[in-house]
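Undergrad: Need a 3D model of the sequence below.
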Amino acid sequence: MREVAGRASSLEVAFTIVFGALSVLLTLLKGFTTFPFPVLTYLKFEIAEVPCMVAYLAMGFKPGMASTVVYWLVLTPIGEFTPLGPAMKFAALASLILGMEAGRRLCGKNKSYMDSVKALSVSTVLGTIARVVVMSVFNYLVLVVVFPEFLDLASMMLKAAGLNAGTPADALIMALTLTAVFNVIHSALSVLLSYLIVKTMVRLHPGLFKRTRRPTTA
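TA: Have a look, this model is predicted:
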């Protein structure tokens, strides 16, 4: 029994590292794996979130968060606009996973995303709300405190799209509103794509991710 548990634990660690590293690789291949959000084109839809979400949906909270931490730590020395860029990616993904885990536990700790549409739906809504709140605060701090010149960039992008902000406060409100919309869409896309990938993998290899059948509280 201990040997089986040890193998499962080793496999979990291996998958965690692989999924985190895959997210880093997809980020570095940004020309093929990122798509700009209309108007505020500095916001990018990133496929790189998917491997970490797959780790979470397939194996549970700890592997999902661990993959996200690996993604952040590896990306920090080699990513763009570091350390802020990687930190914002981490905050977006971690808040989504934390919110989803809270939703799953509200539905019952033994609920499986693969077998319960309710658990997936409730978790996605709560995860999205958590992400929007966290990233709204993060973006406010960036635009107002850390790099206020970015607000000028956002104002120019809004103006180019025909959205004239009369004052810096108007530009900030518009930018944060569009950022919230972006995060809602990004959350839905990341969860849906990851769910479909895990569902397909489980169907092809039923024993690959045993934790998808009976998620634990961990």
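
Undergrad: By mean pLDDT, which helix or strand of the protein comes out lowest?
TA: Taking mean pLDDT, DSSP states H and E as the measure, helix 2-28 is the helix or strand of the chain with the lowest mean score, a mean of 77.

Undergrad: what about the next helix or strand after that one, average pLDDT?
TA: Sequence-wise, the next helix or strand downstream of helix 2-28 (DSSP states H and E) is helix 30-33. What helix 30-33 shows for mean pLDDT is 86.

Undergrad: Report the buried residues of the next helix or strand after helix 30-33.
TA: Following helix 30-33 in sequence order, the next helix or strand is strand 34-36 (DSSP H and E). Counting neighbours by 16 or more other C-beta atoms under 10 Å, one finds that strand 34-36 has no buried residues. Every C-beta, even on glycine, is put in place using the N, C-alpha and C of the backbone.

Undergrad: Direction included, what does the helix or strand just after strand 34-36 pair up with?
TA: Toward the C-terminus, strand 34-36 is succeeded by strand 44-46 as the next helix or strand (DSSP H and E). With DSSP bridges as the test, strand 44-46 is paired with strand 34-36 (antiparallel).

Undergrad: And the contacts of the strand it pairs with?
TA: Counting by C-beta atoms under 8 Å, 6 or more residues apart in numbering, strand 34-36 makes contact with 42-48, all of which sit outside it.

Undergrad: what about 7 Å?
TA: By C-beta atoms under 7 Å, 6 or more residues apart in numbering, the surrounding residues in contact with strand 34-36 are 44-46.

Undergrad: So for whichever strand or helix holds Lys159, mean pLDDT?
TA: Using DSSP H and E, Lys159 maps to helix 149-160. Per-residue pLDDT values over helix 149-160 give a mean of 95.

Undergrad: Tell me how far the one residue sitting closest to the centre of the chain lies from Glu149.
TA: With distances taken as C-alpha atoms, centre = their mean, Leu93 lies nearest the centre of the chain, 2.8 Å away. Using C-beta to C-beta, to the nearest Å, we find Leu93 at a distance of 26 Å from Glu149.

Undergrad: Once you drop chain neighbours, what's closest to Val24?
TA: Spatially, and ignoring its direct neighbours in sequence, Val24 is nearest to Val74 (4.8 Å; C-beta to C-beta, 6 or more residues apart in numbering).

Undergrad: returning to what we had before: quick one: contacts of the helix holding Lys159?
TA: With contacts defined as C-beta under 7 Å, 6+ apart, helix 149-160 is touched by 39-41, 142-143, 165, 168, 171-172, 174-175.

Undergrad: Same question for it: list its buried residues.
TA: By neighbour count on 16+ other C-beta under 10 Å, the buried set for helix 149-160 is 151, 153-155, 157-158.

Undergrad: which strands and helices sit next to the helix or strand just after that helix?
TA: Note on helix 149-160: by DSSP H and E, the next helix or strand toward the C-terminus is helix 168-204. Using 3 or more C-beta pairs under 7 Å, 6 or more residues apart in numbering; DSSP states H and E, the elements in contact with helix 168-204 are helix 49-59, helix 117-141, helix 149-160.
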